[in-house]
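In: structure, please.
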Amino acid sequence: MRMFNKQRKRQHILLIANSLLRIGRLLQLGYPLETALKFIQLHVNLELQMQLGEVLIQLKEGHPVHVAFDYVDIPSSIKSFLYFYERQGQLAEGFTQAGTLLHHQLKMTNELWKLLRYPSTLLMLCGVVLLLMFHFVIPHFQTVFNLMTNTPPFYTIIFMKILLLTPYFLSAFFLLLLCLFVIVQIKWRKWTAHDRIQLFLKFPICRRYVQMIISYVFSLHLGRLLQSGMTLQQALVEFENQNYLPFFREECTVIKSELLQGQPLYEILREKHFFCEELSIVVNNGEKTGYLAADLEHYGDILMEELEEEVQKGLRIVQPALFVVIGGFVFILFLVTMLPLFHMLGTT
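Out: Numbers count the residues shown, from 1 in each chain. This is a model prediction of the structure:
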């Protein structure tokens, strides 16, 4: 049932991504937003029809587009594109960008699931084998060793003790993981967005990805806002006024304050370790040449390409690494089981 629900949810998200892209195309063709939404309603399932119906009601009541789309089941990071592009007056492109990014997220999730599916099945089978071994094989080993007149070798005794203690080690390990999960869940709710980002930055395997994502979102939206004619201070105010990306709301308040104190933007960004180092160089060059908005947009596009390559590279490493871990576990299990058996055969 859970597998069915996950598959259904993925299909629903894919339908939303396609709908966002179609809305963007219709707006580019000159359709009013309400007409485009009514047209899309004819080609989606009942659930999304009802959500788009709520969006139409909100629009008729005068709410902004990004507020109206709170009734659609899409991540806040995707809704932020509607907010920023609506503020720029480029709503059609906002829908297109939101749909494209949602497609990318769904694609990465599906690829990760495909990579993990086979190793996770092997891991479950190993668990079943381990359970059967402790229920049927180990008791026979204990009985035979108790009946033996000769004292078994030291390594055999050690391996037998390891076998007998393995369930306790595994139980303690999973109990520790459960406790850590509960503690993190409790603290996670109390942490600010800045605290959560700081946690991810502490892990080397996550650090580069987090920096690239943060730099991509910041450079893309800031570049687009500046391109629409806003000043830097006005663009930062737009970051402060949105509720979809709490981290940027907090950080842009700090950045704006530091700018008012006379510190250049590129120096501020260089001191913040959650941005890529190249971002401060791009900003410095853009301020000197007068093409800051265009440079930021171009840098955002480059980051998206690099991020996709990094994710693909990481996914290609995950499956072989899992196979090595599972294979090592199976080999150790085989070794621990067979050595006492070889000793018993040698004493007969």
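In: and the next element down the chain from the helix or strand bottoming out on mean pLDDT in the chain?
Out: The weakest-scoring helix or strand in the chain, judged by mean pLDDT, DSSP states H and E, is helix 138-147 (a mean of 70). Note on helix 138-147: by DSSP states H and E, the next helix or strand toward the C-terminus is helix 154-190.
In: pLDDT (mean, whole number) over that next one?
Out: The pLDDT scores in helix 154-190 average 81.
In: how far away from the center of its chain is that helix?
Out: Helix 154-190 sits 27 Å away from the centroid of its parent chain (Cα atoms, centre = their mean, to the nearest Å).
In: output the helix or strand just after it as PDB, nothing but the C-alphas.
Out: Note on helix 154-190: by DSSP H and E, the next helix or strand toward the C-terminus is helix 193-201. Provided in PDB are the C-alpha atoms of helix 193-201 (Å, rounded to 0.1, in the frame of the first residue of the first chain):
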ATOM      1  CA  ALA A 193      16.600  27.600   8.500                       C
ATOM      2  CA  HIS A 194      20.200  28.900   9.100                       C
ATOM      3  CA  ASP A 195      20.800  26.300  11.800                       C
ATOM      4  CA  ARG A 196      19.600  23.500   9.400                       C
ATOM      5  CA  ILE A 197      21.900  24.700   6.600                       C
ATOM      6  CA  GLN A 198      24.800  24.800   9.100                       C
ATOM      7  CA  LEU A 199      24.200  21.200  10.000                       C
ATOM      8  CA  PHE A 200      24.400  20.100   6.400                       C
ATOM      9  CA  LEU A 201      27.600  22.100   5.800                       C
END
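In: how about helix 193-201: buried residues?
Out: 197, 200-201 (16 or more other Cβ atoms under 10 Å). (C-beta placed from N, C-alpha, C; glycine too.)
In: pick the one among these closest to Phe173.
Out: Phe200 (23.7 Å; Cβ to Cβ).
In: state the distance from the closest one to Phe274.
Out: 9 Å (Cβ to Cβ, to the nearest Å).
In: overlap in contacts of the two?
Out: In terms of Cβ atoms under 8 Å, 6 or more residues apart in numbering, Phe200 and Phe274 are both contacted by the residues Val210.
In: picking up where we left off before, out of the buried residues of helix 193-201, who's nearest Tyr118?
Out: Of those, the one sitting nearest to Tyr118 (Cβ to Cβ) turns out to be Phe200, at 27.4 Å.
In: distance of the closest one from Cys252?
Out: For Phe200, the distance to Cys252 - Cβ to Cβ - is 19 Å.
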